[in-house]
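**Student:** I'd like to go over a predicted model; first the sequence, then the structure.
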Amino acid sequence: MNKTPLSMWNTSRFRGLWLAVPTLLAPWLMIEAAIADSFTLSPGFSPNPTEVKSTTGGGVDVSTLVSRQSTQTGECTGFANREPDVTLNLKAFFKALKVNVQSAEDTALVIQGPGGLWCNDDEEDKNPGIAGEWLPGTYKIWVTTYSKNRSAPYVLRIQELR
């Protein structure tokens, strides 16, 4: 009997290996999920705005995490996870870039990067946002909630202003 490579997977000899494939791939799938909210942008990126949909919430007071109560752009307030919600890598200088959050919950925003630390609470209604000139480099972004360990879905929008 002449077997093709595809039909070999149907034999009992390979069935155990076939069943092991999901287990072998599981660590890779977890790594992908962990880096899903890390991305790189260059001037003229598309789509503009770029959106990240996620859920935030955690048990760490963000002012303790960043060792500041406030910045020139607002109060460093709320609770988040120790790790940032989004890591943004900017490949070049941006003359006018805006990062804002849209959520049904009252959220705040903390951004730490090459140019310093920025916090904001209510840029537009109860949604935070920060705009200005941005240096190239890596930025850690936390979206916070006002109640410890409270989960809140949000959309983070990154927009190059022209």
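**Tutor:** Cool, the structure landed.

**Student:** number of nearby residues for residue 42?
**Tutor:** Other residues within reach of residue 42, judged by other Cβ atoms under 10 Å, total 12. (C-beta placed from N, C-alpha, C; glycine too.)

**Student:** how about the strands in this structure?
**Tutor:** Assigned by DSSP state E, the strands in the chain fall at 38-41, 50-56, 60-61, 70-71, 74-75, 79-80, 86-90, 94-102, 107-113, 116-120, 129-134, 137-145, 152-160.

**Student:** can I get those strands in JSON lines with mean pLDDT and mean neighbour count?
**Tutor:** What follows is those, written out as JSON lines (pLDDT from 0 to 100; neighbours: other Cβ atoms under 10 Å):
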{"stretch": "strand 38-41", "mean pLDDT": "92", "mean neighbour count": "14"}
{"stretch": "strand 50-56", "mean pLDDT": "93", "mean neighbour count": "15"}
{"stretch": "strand 60-61", "mean pLDDT": "96", "mean neighbour count": "16"}
{"stretch": "strand 70-71", "mean pLDDT": "95", "mean neighbour count": "16"}
{"stretch": "strand 74-75", "mean pLDDT": "94", "mean neighbour count": "18"}
{"stretch": "strand 79-80", "mean pLDDT": "96", "mean neighbour count": "24"}
{"stretch": "strand 86-90", "mean pLDDT": "96", "mean neighbour count": "19"}
{"stretch": "strand 94-102", "mean pLDDT": "97", "mean neighbour count": "19"}
{"stretch": "strand 107-113", "mean pLDDT": "96", "mean neighbour count": "25"}
{"stretch": "strand 116-120", "mean pLDDT": "96", "mean neighbour count": "21"}
{"stretch": "strand 129-134", "mean pLDDT": "96", "mean neighbour count": "18"}
{"stretch": "strand 137-145", "mean pLDDT": "97", "mean neighbour count": "22"}
{"stretch": "strand 152-160", "mean pLDDT": "96", "mean neighbour count": "19"}
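
**Student:** and the closest residue to residue 82 other than its chain neighbours, how far from residue 111?
**Tutor:** In space, and not counting its chain neighbours, residue 82 is closest to residue 60: 5.3 Å by Cβ to Cβ, 6 or more residues apart in numbering. For residue 60, the distance to residue 111 (Cβ to Cβ, to the nearest Å) stands at 16 Å.
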